[in-house]
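Asks: sequence? don't have it. structure:
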């Protein structure tokens, strides 16, 4: 079975969304689901310990060439997500995507168009798309 397209997923969300039809409800649920993603990532560090963070200054300077900055940049993460943490984070990301899709539906915005527009911007701007 192939994965659904973004448009198919967005249509499915539209059919399933019964309780939170208010834009305000959806926006706040989206924000809450985003916090849950962040919490799941944090718990993989603080409770499980399958990944660790060792954050420090990246050491970038205004004069540094972009390719050097790219080689020098670090994620600050060590280790790999265990299966339980990966599943928990994916579950929270799924809820977040659900509410993003619901917001797109209410605002009459195609999620597929959003992704395509952002991909075009990344292709066009390349390194200068540093936001």
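Replies: Everything's here; your move. Just so you know, these numbers come straight off a predicted model, no measurement behind them.
Asks: Residue 27 against residue 104, yeah?
Replies: No: with contact defined as Cβ atoms under 8 Å, residue 27 does not count as touching residue 104 (11.8 Å). The way it works is simple: take the backbone N, C-alpha and C, and place the C-beta from them, glycine included.
Asks: And the two? Which one has more around it.
Replies: Between residue 27 and residue 104, counted using other Cβ atoms under 10 Å, the more crowded position is residue 104 (20 against 15).
Asks: Setting the sequence-adjacent residues aside, check what's closest to the more buried one.
Replies: Leaving aside its chain neighbours, residue 104 sits nearest to residue 111 (4.7 Å; criterion: Cβ to Cβ, 6 or more residues apart in numbering).
Asks: Now do the one you found against residue 103, distance only.
Replies: 9 Å (Cβ to Cβ, to the nearest Å).
Asks: next one: residue 31
Replies: From residue 31 to residue 103 the distance is 10 Å (Cβ to Cβ).
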